[in-house]
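Participant: what shape does this take:
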Amino acid sequence: MAKKTAKKSRAKPASKRRSQQSPRGNSAPGQENQHEYALRVRMYRQGLGDCFLLSFPKPEKGYFHLLIDCGVIQGTPDGASLMRAVAADIAQTTAGKIDVLVATHEHWDHLSGFIQAKETFENVEVGQVWLAWTEDPRNDSACRLRTERAHRLAALWIGLSQMHQRLDVDGQARSTLERASQILSFFGIDPAVDKPPPAGLGVAAAAALKTTGDAMDWLRAKSPAPRFFEPGEQIELEGTGGVQVYVLGPPTDTAKLFKDLPTSSGRETYGARLAAAEREFFTNALFGDGMEADGLQFYQALRFESKYRIDEVGAQEMPFFRDHYFRPSDGDDEAWRRIDANWTNGAAELALKLDNDTNNTSLALAFELPDGRVLLFPGDAQVGNWESWHVDDNGQPRVWQVGTRNVTTKSLLNRTVLYKVGHHGSHNATLRAQGLEMMIDSQLAAMLPVDVYIAHEKKGWKEMPFEPLLDRLNELAQGRILQADQDKQALPGESADRQSSRLEAIERFLARVTEANQPIGVATPGKKNVQRPLYFDYLL
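Facilitator: Numbering: from 1, shown residues only. Predicted coordinates:
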């Protein structure tokens, strides 16, 4: 069976050499010497959003700094101030020089800091910018994906706005619409404030991705030659003593790229499959006021052909419809006969589909340290992205040839000692058999960038993080999970069946975890702000 040789390249540091210094933080004196390698992974705790700073020690002196994402979800109280605090710490820690800046995908909770703290980042030198192939403006497939995403987002934006004007929605329908509206926050749109342009779908499409698009444009311009990666590529971080980076996703196979949910059995992940979204929501929202769809194929989702349709205003003028469908409520209300609002039922699912498809374009990376340990940073990769890691475009097992070694995805997962949990612990962002169950290293730990208050109370995402996934991750990692909104002292938990071996594992883990001295104020129930450290540091 033929093996595909992966492309290999090098990532150079932002500057030739820097003076020897420990990565800034609060590590206890001598703590670095307790660990052979002493890589430091910093997870910022700004809320519901990703920002990770990896500092790889160089054999001679200095550190190779690699930043992965920098954002917080739209609607986070005082979000801009939080991101400015994060950016200031990044600039100070790196002495104003980031060797590699990685942006995994175009969502506000991963990119907002580059806009909200733009003045700080403008003064930071960046050696290389890494993006997925889906962000390459020279790639025809990537451009088509972006255009389609913009139109779908615009249709959702317009549809939700018009729906509130045209329908008297309450109860369950209103809850559904609110959940759909909140998906817009992943694209930097605040549904309570931002209204779509009135000039039609084409103009709205351009405006819909402007916020996150501005962040991506800034990133592309930050480096004279940004790099766009496809799965199967391999990079060596120059000057780090042999740290290898393996590009796992996103897939170039569109079938995988748009597979964001498990099959009907639900066995790929740790939760059941959601119902498939229907295009009917977009169709009715757009065409209810006679809007043009700019060539989008929404017509087939309409319930009836045009010759059988009567608009609502016209129907109200006809005696039959007026008597049987629009009669004022007098104890014999006939409103239940009407189906004109049924299309709203798919709003939340359609919004989730749009969100998930963007997540599936995540640049997923595995970092192999010189001693063989692996760090997994999948962005917000969904089912199809994860599944594609194991095979190449020809359906053959993916193999990276590194010197005399053959490296497979399975071997990388087997040796994973740190997992950045995908999409804040969502049900379809961690694969089961081909993902988490392959992470069998006894030192496995996880970092979970989630804020439960923001997810549950501000956004209504009650299953973020997903409890069955957390339960299994807790078992495999023996409790070694750092969650952005929880103090590390709470890590052992309150269960009565805590085993001594598990407690010992947690204690050894916590000995390598430190917190920032600098506090930040974050929102909690009751609209009270509490202080928590700006970041967690984990030394490996």
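
Participant: okay, CA-based contacts and neighbour counts for the rest of this
Facilitator: Will do.

Participant: buried ones in stretch 375-395?
Facilitator: For stretch 375-395, a neighbour-count test (16 or more other C-alpha atoms under 10 Å) marks 375-392 as buried.

Participant: do stretch 446-458 as well
Facilitator: A446, M447, L448, P449, V450, D451, V452, Y453, I454, A455.

Participant: do you know the pLDDT at the second one?
Facilitator: pLDDT recorded at M447 is 97.

Participant: list the beta-bridge partners for it.
Facilitator: K420, L482 (DSSP bridges).

Participant: can you redo the buried residues of stretch 446-458 as JSON lines with distance to C70?
Facilitator: Converted to JSON lines, the buried residues of stretch 446-458 look like this (distance: C-alpha to C-alpha, whole Å):
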{"residue": "A446", "distance to C70": "19"}
{"residue": "M447", "distance to C70": "15"}
{"residue": "L448", "distance to C70": "15"}
{"residue": "P449", "distance to C70": "11"}
{"residue": "V450", "distance to C70": "14"}
{"residue": "D451", "distance to C70": "15"}
{"residue": "V452", "distance to C70": "19"}
{"residue": "Y453", "distance to C70": "20"}
{"residue": "I454", "distance to C70": "17"}
{"residue": "A455", "distance to C70": "18"}
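
Participant: which residues in the stretch 401-540 of the chain form strands?
Facilitator: Along the stretch 401-540 of the chain, the segments classed as strands by DSSP state E, counting those that start in this stretch run 405-408, 416-420, 445-448, 481-483, 513-515, 519-524, 528-533, 535-539.

Participant: same question for the fourth one, mean pLDDT?
Facilitator: To tie it back to what came earlier, the one meant is strand 481-483. 95.

Participant: which neighbouring elements make contact with that strand?
Facilitator: strand 445-448 (3 or more C-alpha pairs under 8 Å, 6 or more residues apart in numbering; DSSP states H and E).

Participant: same deal with the third one?
Facilitator: Here strand 445-448 is seen to pack against strand 416-420, strand 481-483 when contacts are counted using 3+ C-alpha pairs under 8 Å, 6+ apart.

Participant: how about these in CSV, adding distance to F186 and mean neighbour count?
Facilitator: What follows is those, written out as CSV (distance: least, C-alpha to C-alpha, whole Å; neighbours: other C-alpha atoms under 10 Å):
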stretch, distance to F186, mean neighbour count
strand 416-420, 19, 24
strand 481-483, 20, 23
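
Participant: among these, which is nearest T134?
Facilitator: strand 416-420 (21.6 Å; C-alpha to C-alpha).

Participant: could you give the mean pLDDT of that closest one?
Facilitator: Across strand 416-420, pLDDT averages out at 97.

Participant: any low-confidence regions in the chain?
Facilitator: Along the chain, the model assigns pLDDT under 70 to residues 1-10, 12-37, 162-177, 179, 191-192, 198-209, 260-313, 324-356, 489-499, 527.

Participant: count the neighbours of V86 for me.
Facilitator: V86 sits with 23 neighbouring residues when counted by other C-alpha atoms under 10 Å.

Participant: ok, it touching P533?
Facilitator: No. Checked against C-alpha atoms under 8 Å, the pair V86 and P533 is beyond contact range at 11.1 Å.

Participant: how about R42: which residues does it bridge to?
Facilitator: If you apply DSSP bridges, the partners that R42 bridges to are L53, D537.

Participant: list the contacts of it.
Facilitator: By C-alpha atoms under 8 Å, 6 or more residues apart in numbering, R42 lies in contact with F52, L53, L54, Y535, F536, D537, Y538.

Participant: again, but for A315
Facilitator: F321, R322.

Participant: tell me which element it falls in.
Facilitator: Taking DSSP states H and E as the criterion, A315 maps to helix 312-316.

Participant: show me what the helix or strand following that helix is packed up against.
Facilitator: Toward the C-terminus, helix 312-316 is succeeded by helix 319-325 as the next helix or strand (DSSP H and E). The contact analysis (3+ C-alpha pairs under 8 Å, 6+ apart) places helix 319-325 against helix 312-316.

Participant: how about the helices of the stretch 51-200 of the chain, start to end?
Facilitator: Secondary structure of the stretch 51-200 of the chain (DSSP state H, counting those that start in this stretch): helices at 79-93, 108-111, 113-116, 118-122, 140-166, 171-183.

Participant: not counting the second one itself, show me its contacts.
Facilitator: What it means is helix 108-111. By C-alpha under 8 Å, 6+ apart, the list of residues contacting helix 108-111 reads 48-51, 69-74, 103-104, 185-188, 211-212, 215-216.

Participant: hmm, try it at 6 Å
Facilitator: G49, D50, D69, C70, G71, V72, I73, F186, F187, G188, T212 (C-alpha atoms under 6 Å, 6 or more residues apart in numbering).
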